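Trainee: Give me the fold of what follows.
(2 chains)
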Amino acid sequence: MNLFHYANVFFSDNANWSGADGIPTRLWEHVQYTLMALGIAGVIGLPLGLVTGHTGRGGNALALVATAARALPSFGLLVLLTVLMGLGLTPVMVPLVALAVPPMLVTTYEAIRSVDRSLVDAARGMGMGPLRVMFQVELPVALPLILSGIRSSAVQIVSTATIAAYVSFGGLGRYIVDGLYQVDYNKVVGGAVLVAALAVVTLGVFWVAGRVLVSPGVRRQQR
Amino acid sequence: MGGFFDIPSDLQASWWGLIGLHLEEALVPVLFGLLIALPLAQLCARFRWLYPPMLGITTVLYALPSLAFIVLLINWTGLSTTTVEIPLTIYSLVVLIPAIVDGVRSVPEETHAAATAMGFGPIRRYIQVELPIAVPAIFAGLRVATVSSISLVSVGALIGNEGGLGNLLSDALHYHRPILAWNSVLTTAVLAILIDGLLVLLRRLLTPWAVR
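Mentor: Residues are numbered from 1 along each chain as shown, chains lettered A, B, ... in the order given. Prediction:
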């Protein structure tokens, strides 16, 4: 008995490919949780990182917030909020957002800080105001690093969104949690393979996004 | 019964006992991670072409959900702490390898040459020159790895009481005692921040020359 055998049994069972507990449904649920958490975390983390990076103030405070957020156990937060608030989407989203904000915030801050000062000075000299410097110079130049921050957040959300199943929600975690309780190893392995695959697809999406969004000049410089 | 420190008897440990278990399960992986990462990172720093594929492999391994990783390992290592510690070791590599590579690469060429000129062999040069200079960068990685490891251990509770302080979480659900969940989350967070502080102190002791 090896992993390939378990995965093979799971994926070749037609019953797993349709219905409310089918792979397409669970996959879509998982993607929805991921996008929602990533969206909320982005709304919090990206502007904060941009502004603090631009002004260069608050770096220490950011590091402290990031450490504190990292120290909070996702799984613990999930159970605590569920016990306090009952079953709902908020107890699922809070730990995912708390997990995703630190990488985005810290990398965005660092990325903007590391933009060549002479570029910023040149932009100022050309008469650009602070907003134009931020959006037309700092943001495009820092974009590859910022994207890498969002990427690590996204991958962590994809792999952690499995815990939603522990408090009655769907997503690919359903297979892992149910399989564990039903001692159905095929299900567990199938779920794990699907989550890992989704994470790899996420990496691919960000690679493509980097190709499309990063200006060719910046990309050439990176090499 | 029902107070903050009243641990249900099914966990067979006191509050301090859980903290001990938790720390062991979190720190042993980081230690092993460091022992594995040091030679690997040295290889990556020496042979540059090795670094991108190494980063790729560790990133994909990092993408495996801890829950699934742990459950898959039950097949080989059973319901034991080892099952929790193996994924944590691998996750720590993802943070430690880039940190050490950056640290070792940050050693100035002159320093390198000076050490060689003073008759240092490659091993002595590595231990007495490169490693100390890389300490700040290594510790930056070590801090992130340690804090994440401490907060991840709790997932072990899902495979039956292998999650240190996380074991309080399943009890909080079973007995409907929110205070146990509070205890678990707060203790874990405080523990992570304390250990992080200890690492900062240790780095200061190891790098007395650093500008504060």
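Trainee: which stretches of chain A form helices?
Mentor: Here chain A has its helices, by DSSP state H, at A:3-12, A:23-55, A:59-71, A:74-85, A:90-113, A:117-125, A:130-132, A:139-160, A:173-181, A:185-213, A:216-222.
Trainee: same question, chain B
Mentor: Using DSSP H, the helices of chain B run over B:15-46, B:51-63, B:66-77, B:81-105, B:109-117, B:122-125, B:131-152, B:167-174, B:178-206.
Trainee: Adding mean pLDDT and mean neighbour count, write those helices out as a markdown table.
Mentor: Just so you know, the C-beta spots here come from the backbone N, C-alpha and C atoms, and that holds for glycine as well. Formatted as a markdown table, the helices of chain B follow (pLDDT from 0 to 100; neighbours: other C-beta atoms under 10 Å in any protein chain shown):
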| stretch | mean pLDDT | mean neighbour count |
| --- | --- | --- |
| helix B:15-46 | 91 | 18 |
| helix B:51-63 | 81 | 16 |
| helix B:66-77 | 79 | 20 |
| helix B:81-105 | 88 | 22 |
| helix B:109-117 | 88 | 12 |
| helix B:122-125 | 86 | 12 |
| helix B:131-152 | 89 | 22 |
| helix B:167-174 | 85 | 23 |
| helix B:178-206 | 91 | 18 |
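Trainee: which one of those lies closest to A:Asn60?
Mentor: Ranking these by proximity to A:Asn60 (C-beta to C-beta) places helix B:178-206 first, at 12.5 Å.
Trainee: check whether that closest one contacts chain A.
Mentor: Yes - judged by C-beta under 8 Å from any C-beta of the partner chain, helix B:178-206 comes into contact with chain A at B:Pro178, B:Ala181, B:Trp182, B:Ser184, B:Val185, B:Thr188, B:Ala189, B:Ala192, B:Ile193, B:Asp196.
Trainee: I'd like to know which elements that helix is packed against.
Mentor: Judged by 3 or more C-beta pairs under 8 Å, 6 or more residues apart in numbering or on different chains; DSSP states H and E, the packing partners of helix B:178-206 are helix A:59-71, helix A:74-85, helix B:15-46, helix B:131-152, helix B:167-174.
Trainee: can you list those in TSV and add distance to B:Val95?
Mentor: Formatted as TSV, those follow (distance: least, C-beta to C-beta, whole Å):
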stretch	distance to B:Val95
helix A:59-71	11
helix A:74-85	17
helix B:15-46	8
helix B:131-152	4
helix B:167-174	25
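Trainee: Let me know which of those is the nearest to A:Met134.
Mentor: Nearest of these (C-beta to C-beta): helix A:59-71, 16.9 Å.
Trainee: ok, and for that closest one, which residues are buried?
Mentor: Across helix A:59-71, burial judged by 16 or more other C-beta atoms under 10 Å in any protein chain shown covers A:Leu62, A:Val65, A:Ala66, A:Thr67, A:Ala68, A:Ala69, A:Arg70, A:Ala71.
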